[in-house]
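Student: Next come a sequence and a model predicted from it.
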Amino acid sequence: MLENRKKVLPEEIELKNANIVDVFIFYKYLDDTEIVKKAFGITEITKQVQENISKLKKTMFINRSNFKAIKYNNKTVGFIQIAFDNHNEVRLGIVIGDKKLWNQNIGTISMKKIIKFIFDNYKYVNQIILDTAVFNVAAKKCFEKAGFKLYNQDTQRFYFKITKEDYLNNISNYL
């Protein structure tokens, strides 16, 4: 049946500032083992992973401004975390929490929208980075379709970046 699903269209996706209701929805996603394994690129939930999730939940609650809710037809279906690593670099993380919507193009659309938002609103940022586990083929494909380029990999992770120059040279892909 999955083949019969229609792909989500860009106009059906909005990125909104996370509100307190969104944060509790994000918590629900982070309580789901399958979602956590995909999102963090892990095969088991260790004590360290549980501690990291607990810290992430606290960060979401205290610093909502670093999180965008992914809305599909006004329903929260995921989130993007924006972390300013230094004055000119942003690190992203994305979770599509509604499993029924996996592989529907929501990740790619959301990534394109956040790339545009960051480069249009933070003039000093000249690159955006992210990474994923080597086994997370769907995430790798999503990031590449959104314009990220693989710049490094090891046995565990793929590392991606998009520069402001890449964005400006392909700006029509982000409108």
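Tutor: That came through fine. For clarity, every value in this text was computed on a predicted model and none was experimentally measured.
Student: Quickly list what residue 70 is bridged to.
Tutor: The partner list for residue 70 in beta bridges (DSSP bridges) reads residue 15, residue 78.
Student: Give me the spatial nearest neighbour of residue 59, chain neighbours excluded.
Tutor: Closest residue in space to residue 59, ignoring its immediate chain neighbours: residue 66 at 7.3 Å, by CB to CB, 6 or more residues apart in numbering. From N, CA and C alone the C-beta is placed, and that goes for glycine too.
Student: just residue 52 next, same as before
Tutor: With CB to CB, 6+ apart as the criterion, residue 52 has its nearest non-adjacent residue at 7.6 Å, and that residue is residue 40.
Student: shouldn't the one you found be in contact with residue 46?
Tutor: No: judged on CB atoms under 8 Å, residue 40 makes no contact with residue 46 at a distance of 10.4 Å.
Student: who's more crowded, those two?
Tutor: Between residue 40 and residue 46, counted using other CB atoms under 10 Å, residue 40 has the larger neighbour count: 18 against 10.
Student: Kindly provide the distance from that one to residue 96.
Tutor: Look at residue 40 and residue 96: by CB to CB, to the nearest Å, they are 14 Å apart.
Student: how about the strands in the protein?
Tutor: Counting by DSSP state E, the chain has strands at residues 13-17, 67-72, 75-86, 89-96, 127-133, 149-153, 157-163.
Student: What's opposite the residue positioned nearest the centre of the chain in the beta bridge?
Tutor: For the chain, the residue nearest the mean C-alpha position is residue 94 (1.9 Å; CA atoms, centre = their mean). In this entry, residue 94 is beta-bridged to residue 80, by DSSP bridges.
Student: List the residues that contact residue 22.
Tutor: For residue 22, the contact set (CB atoms under 8 Å, 6 or more residues apart in numbering) comprises 16, 64, 67, 69, 76, 79.
Student: what angle do the lowest-mean-pLDDT helix or strand in the chain and strand 89-96 make?
Tutor: Least confident helix or strand, the chain: helix 33-40 with a mean of 92, by mean pLDDT, DSSP states H and E. Helix 33-40 and strand 89-96 are oriented at 160 degrees to each other (axes from the mean of the first three to the mean of the last three CA atoms, to 10 degrees).
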